[in-house]
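Student: pasted the sequence and its predicted model underneath.
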Amino acid sequence: MVRRAAPQTGLAVGSALLVWAVLLVPLATLVAHSAPGTVVRALGAPGALDPLWVSLGASAAALAVIVGAGTPLGWLLARDRLPAPRVIEAGLLAPLLMPPLVIGLLLVFMVGPATPVGELLQRVGLSATNTFLAVVIAEIYEAAPYYVLGVQAAVAGVDRELEVEAELLGDGAWRRWRRVTLPLAAPGLASALAITWARAIGAFGAVIIVAYHPFGLPLQIWTSLQETGLPSALPFALLLVVVALPLPVAAYVWSARARRRR
């Protein structure tokens, strides 16, 4: 049995390495074509880093809203505490499956200036088109399903008998969540958070429809490519990768170690 398994294991490892290498080709190409001097000059120009601050601020705000609202929603779905859970899941899958450009078009009809929501925002001096708020809203719609469904999967993987035992020992709902559910679901929650961050900070399709201004990094890459060509867009693409990847990589490494320890 060991002799039969060895070729299969070697084939699996070889296939994994091949896929890994192929997926890293775009990143390696980006680094290879980004000369340090060109990157420094492009990012050192006055106002060149403004899109970075827009992307970081909007993505952080979107992530805070998503985590605040999505964590209890994911927990309730995982524990069957909501009516018609399949309908709610379908509502989460709809924006996940729709092209981002379609999401942007629909947001115009939902929060644009001529809508009831848009008129309400205007009364308090806000607007959901071509503003920082619009960027945040677009990122929420593009990224939220990833987090809620990730939380649902992570919480569903926690043995409910452990929660029941904690309840029998006198722990309330919040204490059970903090001492039992959260530690066991943490690896999955970390992965969901990381994916959501990467999705939010890289959002483009919905953002370009409802918030062409102010520029975040994805829009800056697009406009640089359209106006002055590929070489001028590469420094901003490299910057987006640098700020988007660390959290997902760290979350993956931590969650993998946590699962091994568990």
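Tutor: Alright, I've got the coordinates.
Student: any buried residues in the helix or strand where V108 lies, and which?
Tutor: Assigned by DSSP states H and E, V108 falls within helix 100-111. Neighbour-count burial for helix 100-111 flags 100, 103-108, 110-111 (criterion: 16 or more other Cβ atoms under 10 Å). In short, each C-beta sits where N, CA and C put it, glycine included.
Student: which secondary structure elements does the helix or strand just after that helix contact?
Tutor: With elements assigned by DSSP H and E, the helix or strand that comes after helix 100-111 is helix 116-123. Under the contact criterion of 3 or more Cβ pairs under 8 Å, 6 or more residues apart in numbering; DSSP states H and E, helix 116-123 touches helix 100-111.
Student: hmm, 10 Å instead?
Tutor: In terms of contacts (3 or more Cβ pairs under 10 Å, 6 or more residues apart in numbering; DSSP states H and E), helix 116-123 is packed against helix 100-111, helix 132-156.
Student: what packs against the first one?
Tutor: By that I understand helix 100-111. helix 85-97, helix 116-123, helix 132-156, helix 205-210.
Student: of all those, which one is nearest V243?
Tutor: Nearest of those to V243, taken as Cβ to Cβ: helix 132-156 at 14.1 Å.
Student: what's the following helix or strand after that closest one?
Tutor: The first helix or strand that comes after helix 132-156 along the chain, using DSSP H and E, is helix 160-168.
Student: what average pLDDT does that following helix get?
Tutor: Summarised as a single mean, pLDDT over helix 160-168 is 81.
Student: what residues sit buried inside that helix?
Tutor: Judged by neighbour count using 16+ other Cβ under 10 Å, the buried positions of helix 160-168 are 163, 166.
Student: output the host helix or strand of R199 as PDB, nothing but the C-alphas.
Tutor: Assigned by DSSP H and E, R199 belongs to helix 182-201. This file holds the C-alpha atoms of helix 182-201, laid out as PDB (Å, rounded to 0.1, in the frame of the first residue of the first chain):
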ATOM      1  CA  LEU A 182     -14.800  32.400  19.100                       C
ATOM      2  CA  PRO A 183     -11.600  30.500  19.900                       C
ATOM      3  CA  LEU A 184     -12.700  27.400  17.900                       C
ATOM      4  CA  ALA A 185     -14.000  29.500  15.000                       C
ATOM      5  CA  ALA A 186     -11.100  31.900  15.000                       C
ATOM      6  CA  PRO A 187      -9.100  30.300  12.100                       C
ATOM      7  CA  GLY A 188     -12.100  30.400   9.800                       C
ATOM      8  CA  LEU A 189     -13.000  33.900  10.900                       C
ATOM      9  CA  ALA A 190      -9.400  35.100  10.200                       C
ATOM     10  CA  SER A 191      -9.600  33.700   6.700                       C
ATOM     11  CA  ALA A 192     -12.900  35.300   6.100                       C
ATOM     12  CA  LEU A 193     -11.600  38.600   7.400                       C
ATOM     13  CA  ALA A 194      -8.500  38.400   5.200                       C
ATOM     14  CA  ILE A 195     -10.500  37.600   2.000                       C
ATOM     15  CA  THR A 196     -12.900  40.400   2.700                       C
ATOM     16  CA  TRP A 197     -10.100  42.900   3.100                       C
ATOM     17  CA  ALA A 198      -8.500  41.800  -0.100                       C
ATOM     18  CA  ARG A 199     -11.900  42.000  -1.900                       C
ATOM     19  CA  ALA A 200     -12.700  45.400  -0.500                       C
ATOM     20  CA  ILE A 201      -9.400  47.100  -1.200                       C
END
